[in-house]
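Asker: I'll drop the sequence and a predicted model, then ask my questions.
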Amino acid sequence: MYERISSNVRKSWALIFVFVLLVSAIGWFFGLYTDTGFWPLGIAVAIAIAMSWGSYFASDRIALSMSRAQPADPHEYLQLHNIVEGLSIAAGIPKPRVFVVQDDAPNAFATGRNPEHAAVAVTTGLLAKMKRDELEGVIAHELSHVQNRDTLVMTLAVTLVGVVVLLADFFLRAMWWGGGSNRDDRGGGLGAPIALLGIGLMILAPFFAQMLKFAISRQREFLADADAINFTRYPPGLINALLKLRDDQTVVRTASKATAHLWIESPIARSANEGPKGRRSNRSGAWLNRMFDTHPPLDDRIEALQTLGFGASQPTAPAPQPPA
């Protein structure tokens, strides 16, 4: 556990470093291309530092706001608060803030830079469609993310990736309408190669940012599933919850691609020709679709739990009683 926490802290610093480096490179190439000196680089560095600072301290509030999550009333959602409190004790972390998203799709997510500033949000659809033991499995999964500091990495990615995309788009539009540099049009000059390299970097920057987010996003789900079993001590609860999530085709209306990696399973609708969400697809090109998914298929997660010896996917029927 401590090794994973340390790893996530290192990933967070690496994410910030790559973000600052990428945004600075965009600003530097923009300055070279437009012959405006180092002003774009200075502005880019200032934006990168400000957004890194802001995303670290405010990304949980941003994610909750983007998802339209509202604080869960302790009286109206008493069972939910009791489950979160009990599992927090089992995980050895403070009870996080509890939020509810008014949405029919069953889903949940956790956010926050550390356990002392964490929050858990569930949809009303999850509360309506899950039994208590299944709801406990889902909440335990989210608390594992909090305990292991997965939420620190994920909440940073929400804002940092978005800034890279917006900044690259802004510079591309400015270059299109403002024209390029005429400083080096002589034969053998480096103006054209630098311009092409800069344009290529700005075009590929959103792609690199997204791939960085996806690289962080996927393996953590398997680890959180295993941790959730340790918290609840009841494997069928989480396994049956994952089965319900797999079979339910409702998508979260308030979710976006920026926050998709936060949820327990991808809340984004898949295209109609790819089959049910969360299932493997044998169609050509499915490997490319999976590469851009923020979550591993739910079938793979269920199979992993069963392979670990956590039992059947459905609770067994009670054994018949011998005749008196």
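Answerer: Structure received.
Asker: now do the contacts for Ala304.
Answerer: Going by CB atoms under 8 Å, 6 or more residues apart in numbering, Ala304 touches 222, 225-226. All C-beta spots, glycine's among them, are computed from the backbone N, C-alpha and C.
Asker: output the host helix or strand of Val146 as CSV, nothing but the C-alphas.
Answerer: Secondary structure assignment for Val146, by DSSP states H and E: helix 132-147. Only the C-alpha atoms of helix 132-147 are listed here, as CSV (Å, rounded to 0.1, in the frame of the first residue of the first chain):
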residue,chain,number,x,y,z
ARG,A,132,-26.6,-2.7,0.2
ASP,A,133,-23.7,-5.2,-0.2
GLU,A,134,-23.3,-4.1,-3.8
LEU,A,135,-23.3,-0.5,-2.9
GLU,A,136,-20.7,-1.3,-0.2
GLY,A,137,-18.5,-2.9,-2.9
VAL,A,138,-18.7,0.2,-5.1
ILE,A,139,-18.0,2.6,-2.2
ALA,A,140,-15.1,0.4,-1.1
HIS,A,141,-13.6,0.6,-4.6
GLU,A,142,-13.7,4.4,-4.5
LEU,A,143,-12.2,4.6,-1.0
SER,A,144,-9.3,2.5,-2.2
HIS,A,145,-8.6,5.2,-4.8
VAL,A,146,-8.6,7.7,-1.9
GLN,A,147,-6.3,5.6,0.3
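Asker: count of residues packed around Leu87?
Answerer: Look at Leu87: counted by other CB atoms under 10 Å, it has 23 neighbours.
Asker: what's the pLDDT at it?
Answerer: Reported pLDDT at Leu87 in the predicted model: 96.
Asker: that one and Trp13: what is the separation?
Answerer: Distance, Leu87 to Trp13, by CB to CB, to the nearest Å: 29 Å.
Asker: relative to Arg246, which of the contacts of Ala304 is nearest.
Answerer: Nearest to Arg246 among the contacts of Ala304: Asp225, at 13.1 Å, using CB to CB.
Asker: that closest one touches Pro235, doesn't it?
Answerer: No: the criterion here is CB atoms under 8 Å, and Asp225 misses it with Pro235 at 9.8 Å.
Asker: shared neighbours, these two?
Answerer: Leu305.
Asker: report all helices and strands that the strand or helix carrying Lys244 contacts.
Answerer: Assigned by DSSP H and E, Lys244 belongs to helix 235-247. Packed against helix 235-247 by the contact rule (3 or more CB pairs under 8 Å, 6 or more residues apart in numbering; DSSP states H and E) you find helix 132-147, helix 219-232, helix 298-307.
Asker: now do 6 Å
Answerer: helix 132-147, helix 298-307 (3 or more CB pairs under 6 Å, 6 or more residues apart in numbering; DSSP states H and E).
Asker: any idea of the angle the shortest one forms with helix 235-247?
Answerer: Per axes from the mean of the first three to the mean of the last three CA atoms, to 10 degrees, the angle that helix 298-307 makes with helix 235-247 is 160 degrees.
Asker: pull out the buried positions in helix 298-307.
Answerer: Using 16 or more other CB atoms under 10 Å as the test for burial, helix 298-307 gives 298, 300-302, 305.
Asker: so what's Glu85 closest to, chain neighbours aside?
Answerer: Distances taken as CB to CB, 6 or more residues apart in numbering put Lys95 closest to Glu85, at 5.0 Å, once the chain neighbours are dropped.
Asker: repeat for Thr124
Answerer: Leaving aside its sequence neighbours, Thr124 sits nearest to Gln102 (CB to CB, 6+ apart; 5.5 Å).
Asker: how about the one you found, phi and psi?
Answerer: phi -80, psi 90 (degrees, to the nearest 10).
Asker: pLDDT score for it?
Answerer: 95.
Asker: can you check Arg97 too?
Answerer: 97.
Asker: now do the contacts for the nearest residue to it once chain neighbours are set aside.
Answerer: With CB to CB, 6+ apart as the criterion, Arg97 has its nearest non-adjacent residue at 4.2 Å, and that residue is Ala119. Ala119 is in contact with 60, 96-97, 99, 111-112, counting by CB atoms under 6 Å, 6 or more residues apart in numbering.
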